[in-house]
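*Asks:* quick one: sequence plus predicted model below, questions after.
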Amino acid sequence: MNTANEQKDRARLERIAHRAMIEHGLVPDFSKEVLAELKTTGEPSTLPDVPGLVDLRTVLWCSLDNDASRDLDQLTAAEMMENGNVKLLIAIADVDAVVKKGSAIDLHAQQNTTSVYTAAEVFSMLPEKLSTNITSLNFGYDRLAVVVEIEIADDGSIVDSSFCRAIVRNKARLSYSSVAAWLNNKDSIPMEIKLVDGMEESLRLQDATAEKMRRLRHIHGALVFETIDAKPIFSGDTLMDIIPDPRNRANGIVEDFMIAANSVTARYLASMDYVSVRRVVSTPKRWDRIVSIVAGHGTTLPSQPDSIALEKFLVSSQKADPLRFPDVSLSIIKLLGSGDYVVQIPGSTVEGHFGLAVKNYTHSTAPNRRYPDLITQRIVKAAISGRPSPYSVEELTALAQHCNSAENAANKVERQMVKSAAAILLEKRIGEQFDAIVTGAAGKGTWVRITNPPLEGRLNSGFKGLDVGDTLRVQLTSTDVERGFIDFKRVD
């Protein structure tokens, strides 16, 4: 056995990940300046000495996240109002209270713009002393937050919203898996919920409210997708498997609430005449190919982009063939294209988010792990207090462009590392055949995805005439762990 194979899988993947970060222009390690600044960084005072700071520690806040998540960006709560509407509360960790604009820590975060999640290691945007402790909304601790309050009508529409700075306390640290199992009547109520008076009612109200909001968004053309993320499984330092990581009902609660928070934040900043960074997903350029794929399933779409018509097809497709729906979702997601950050000047018009069917959208709810959210938080805090924005239009324009580039780089690192991990598992499976779907077809190559394990690879022969969404049979021909290459050929 050669030296590379003798290495522990985790150590091998960590080394490859560090190299990939550097190759894509990202910084894998914190500088001496960041570490020195970190030593002098303590928790901000949560005493109400900030003008307008609201004490919301009695609210039944809870966090919903993955089992292993340690950087808790948001808390949620829901309360019935006297008029029959629901008061939805979303607390977002006040990272800006600790990470000041222009500091060494801020400049590192600005360089990478995002946390990068790989099979063996997480490259956090902020040092863990902050993201998993001081600026994390951890259970049982008083924390500073920016809170958005949204009034939701019975049909799921947004009636009103407001913003404030507040002190909050996480009353229940919950996981998606346990809450989803409970809501679906597959398991008993999680003890963390049971121990807090009123928390069960709050969670059920959150679930019901999220469902109403989701239903209304879909009526307006928000697209429903189901994709399969890959989750590496280790036993100690040995990679054992890569399995699908499905989304569940509890994921949906948080997603729907964050979509609402991001939408009202974008509108709030525009109404207050602040320049902001928007998140846009443009009208798809390859609508003709989407029309072709959908026609293959017996449905005719309009010749011009129409999110409502596409959403109706997606809903019917999910009901008719739930096992193949992830393949349909992936094909259309690839053709919709990725999102971009753009600067919105009050009075000007920017594209909305085609996939979510909203005209006003930003990223604001994850400032521990996404730099555009920290930028937005600083502008929101300025708006709340009536201060000028901490950013000029020129600064925001440059930052938006950089965030687009860095996000693309981070995505490439994450994709490469999934394939490097998969290559370890597939080293002994050369020659095996798999069912696949085309996920990319361009001059630079044709890419296919298999489902077991869930991964993408390059099709090196037999790709003539193929396009995104086509299905085929492929044979694994080679793997390269170091470069994250997985190669297939078409089997006639």
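*Replies:* Thanks, I have the structure now.

*Asks:* how distant is the helix or strand hosting residue 448 from the center of its chain?
*Replies:* Here residue 448 sits within strand 445-451, counting by DSSP states H and E. Computed by Cα atoms, centre = their mean, to the nearest Å, the chain-centroid distance of strand 445-451 equals 23 Å.

*Asks:* what does stretch 175-187 give?
*Replies:* 21 Å.

*Asks:* check stretch 427-438 too.
*Replies:* Averaging C-alpha positions (Cα atoms, centre = their mean) puts stretch 427-438 29 Å from its chain's average.

*Asks:* with stretch 278-295 instead?
*Replies:* Its chain's average C-alpha position is 21 Å from that of stretch 278-295, according to Cα atoms, centre = their mean.

*Asks:* now it: buried residues?
*Replies:* The neighbour-count check on stretch 278-295 (16 or more other Cβ atoms under 10 Å) flags 278-282, 284, 286-287, 289-291, 293-294 as buried. To be clear about C-beta, it is placed using only N, CA and C from the backbone, and glycine gets the same treatment.

*Asks:* format the residues you listed as JSON lines; extra columns: pLDDT.
*Replies:* Shown next, in JSON lines, are the buried residues of stretch 278-295 (pLDDT from 0 to 100):
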{"residue": "278", "pLDDT": "97"}
{"residue": "279", "pLDDT": "96"}
{"residue": "280", "pLDDT": "93"}
{"residue": "281", "pLDDT": "88"}
{"residue": "282", "pLDDT": "84"}
{"residue": "284", "pLDDT": "84"}
{"residue": "286", "pLDDT": "86"}
{"residue": "287", "pLDDT": "92"}
{"residue": "289", "pLDDT": "89"}
{"residue": "290", "pLDDT": "90"}
{"residue": "291", "pLDDT": "93"}
{"residue": "293", "pLDDT": "86"}
{"residue": "294", "pLDDT": "90"}
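
*Asks:* among the residues you listed, which one sits closest to residue 397?
*Replies:* residue 278 (12.1 Å; Cβ to Cβ).

*Asks:* now do the SS call for the closest one.
*Replies:* Three-state call for residue 278 (DSSP: H, G, I helix; E, B strand; the rest coil): strand.

*Asks:* ok now do it, which residues does it touch?
*Replies:* By Cβ atoms under 8 Å, 6 or more residues apart in numbering, the contact set of residue 278 is 266, 341, 342, 343, 344, 350, 360, 361, 362.

*Asks:* what angle sits between the host helix or strand of the first one and strand 276-280?
*Replies:* What it means is residue 266. Here residue 266 is covered by helix 249-271, with elements defined by DSSP H and E. Here the directions of helix 249-271 and strand 276-280 differ by 130 degrees (axes from the mean of the first three to the mean of the last three Cα atoms, to 10 degrees).

*Asks:* then helix 249-271 to CSV, C-alphas only?
*Replies:* Presented in CSV, the C-alpha positions along helix 249-271 are these (Å, rounded to 0.1, in the frame of the first residue of the first chain):
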residue,chain,number,x,y,z
ARG,A,249,-40.0,19.8,7.9
ALA,A,250,-38.0,21.7,10.5
ASN,A,251,-35.5,22.9,7.9
GLY,A,252,-38.6,24.4,6.2
ILE,A,253,-39.6,26.4,9.2
VAL,A,254,-36.2,28.2,9.3
GLU,A,255,-36.0,28.6,5.6
ASP,A,256,-39.5,30.2,5.3
PHE,A,257,-38.8,32.6,8.3
MET,A,258,-35.4,33.6,6.9
ILE,A,259,-36.9,34.3,3.5
ALA,A,260,-39.4,36.6,5.2
ALA,A,261,-36.7,38.3,7.2
ASN,A,262,-34.5,38.8,4.2
SER,A,263,-37.4,40.2,2.2
VAL,A,264,-38.6,42.7,4.8
THR,A,265,-35.0,43.8,5.5
ALA,A,266,-34.5,44.7,1.8
ARG,A,267,-37.7,46.7,1.8
TYR,A,268,-36.9,48.3,5.1
LEU,A,269,-33.5,49.6,3.9
ALA,A,270,-35.1,50.9,0.7
SER,A,271,-37.9,52.7,2.6
